[in-house]
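**Student:** heads up, no residue letters with this:
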Ligand code: PHE
């Protein structure tokens, strides 16, 4: 640029210097000649100025920095980078890199000390213009990014309230529970009350009061989990009946459902934990006929009108006489099939007239009252009811099994 300044003397300085300084870039002239400084100072005036013949001597060429070019470069770099900015944090990094305390444009402003005082206003103005422009572009970009981020977030958080949802998975009642409810309904309908008792039971109620004294061989019939000499996991729900007999006056009509425990090996028809529903009626003149009528009503209610009961002699220490009760096979209705092993009958429960000894031990006068009792294995009637071939299926909690009882 300074090559354009000829060696000769006379120049119309306003235009020459204007060219020199303004175009195409800033001339940060650090003039070593006072005369030239003066000339530059008065830049913009109309006076004709004299410039020393050797302009190279007049200017400190090494110190000249092309500010305008630098600004243009910073701007260009900035705009290029801005294009690529995709999120607010990189935008902020870019802003700091240019406009921050140590940013490239800020550094230019800091370097103003090196600019001839008379040029500073102009150079300052350029830098400020550039700063303003860049700030505007940053603001625009920021708005765009925020808009985009918002749109993205809105999109992510969109809830289509009209979208059909899969139905919630609703649990089902366990088949045991369904049959239990049915059985209880039946007995409640016959005037029975439902009574429950503890699963950890005193030996006294589980055995003694039921005419199974300690060391009696009848104890062997129920493989018991002993907790101590006096406490057991109840082996049947009969102790609930004993508790009722010792605390209430007849007439008594109760059914006692609940979990019971026996030290049995697990197989298709045995489990160490299972359920019983036992019933007890005590009144004046209650008879074996009442027992049979009651169990017939239960059988018909559960399996249908054509089902009847068959009583076979049996033994229980707490009933006398005792009977095993069979029901007409629900599967073949009595003609004989695989389920009833060809007999037409299925063994379902134990029963009998309450042993007078038990009544007396429980404080009920056996001369005045008589009673009958029965004990149903819940699992057994559930399995018969639904044709469940293996008892273990009922305890595994397999959803595929349970879902079938919806
Ligand atoms: N308690 C007996 C048992 O668990 C069943 C039963 C109850 C038998 C009532 C007769 C009368 O084996």
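**Tutor:** Looks like it arrived, so ask away. Please read all numbers here as calculations on a predicted model, not as lab measurements.

**Student:** CA only for contacts and neighbour counts going forward, please
**Tutor:** Will do.

**Student:** mind checking how far the residue in the stretch 1-150 of the chain that the ligand sits nearest to is from residue 388?
**Tutor:** Nearest residue of the stretch 1-150 of the chain to the ligand, counting by C-alpha to the nearest ligand atom: residue 150, 70.4 Å away. For residue 150, the distance to residue 388 equals 58 Å [C-alpha to C-alpha, to the nearest Å].

**Student:** quick one: the residue of the stretch 1-150 of the chain closest to the ligand from residue 144, how far?
**Tutor:** Using C-alpha to C-alpha, we find residue 150 at a distance of 10 Å from residue 144.

**Student:** same question, residue 189
**Tutor:** 75 Å.

**Student:** Comparing those two, which residue is more hemmed in?
**Tutor:** residue 144 (15 against 10; other C-alpha atoms under 10 Å).

**Student:** how about the more buried one, what does it touch?
**Tutor:** Taking C-alpha atoms under 8 Å, 6 or more residues apart in numbering, we find residue 144 in contact with no residue.

**Student:** ok now the helix or strand encompassing it, how far from the chain's centre?
**Tutor:** Using DSSP states H and E, residue 144 falls within helix 120-156. Relative to its parent chain, helix 120-156 has a centroid offset of 44 Å by C-alpha atoms, centre = their mean, to the nearest Å.

**Student:** and the helix or strand that comes right after that helix, which residues are buried?
**Tutor:** Next along the chain after helix 120-156, taking DSSP H and E as the criterion, comes helix 175-189. In terms of neighbour count (16 or more other C-alpha atoms under 10 Å), helix 175-189 has its buried residues at 175, 176, 179, 180, 183, 184, 185, 186, 187.

**Student:** Please give the element, helix or strand, for the closest residue to the third one other than its chain neighbours.
**Tutor:** Computed as C-alpha to C-alpha, 6 or more residues apart in numbering, the closest residue to residue 179 that is not its neighbour in sequence is residue 382, at 6.1 Å. Counting by DSSP H and E, the element that carries residue 382 is helix 378-386.

**Student:** any idea of the angle that helix forms with helix 175-189?
**Tutor:** 100 degrees (axes from the mean of the first three to the mean of the last three C-alpha atoms, to 10 degrees).

**Student:** quick one: contacts of helix 378-386?
**Tutor:** By C-alpha under 8 Å, 6+ apart, helix 378-386 touches 175-176, 179-180, 269, 274-277, 303, 330, 348, 388-391.

**Student:** Would you mind writing the PyMOL command to select the buried ones in the residues you listed?
**Tutor:** The buried subset of those, as determined by 16+ other C-alpha under 10 Å, is captured in PyMOL by this line:
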select buried, resi 175+176+179+180+274+275+276+277+303+330+348+388+391
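
**Student:** Which members of the contacts of helix 378-386 are positioned in helices?
**Tutor:** The helices, defined by DSSP state H, take in 175, 176, 179, 180, 303 from the contacts of helix 378-386.

**Student:** Surely the last one and residue 330 touch.
**Tutor:** Spelled out, that is residue 303. Yes. Using C-alpha atoms under 8 Å as the test, residue 303 is close enough to residue 330 to be in contact (6.3 Å).

**Student:** Please enumerate the strands of the stretch 201-350 of the chain.
**Tutor:** With DSSP state E, counting those that start in this stretch as the criterion, the stretch 201-350 of the chain has strands at 231-233, 252-261, 273-283, 309-316, 319-328, 345-354.

**Student:** Which of the helices or strands spans residue 107?
**Tutor:** Using DSSP H and E, residue 107 sits in helix 104-110.

**Student:** residues of that helix that come out buried?
**Tutor:** The neighbour-count check on helix 104-110 (16+ other C-alpha under 10 Å) flags 104, 105, 106, 108, 109 as buried.

**Student:** And stretch 184-203, by the same measure?
**Tutor:** By neighbour count, with 16+ other C-alpha under 10 Å as the criterion, the buried positions of stretch 184-203 are 184-187, 192-197, 199-203.

**Student:** model confidence over that stretch, on average?
**Tutor:** Averaged over stretch 184-203, pLDDT sits at 97.
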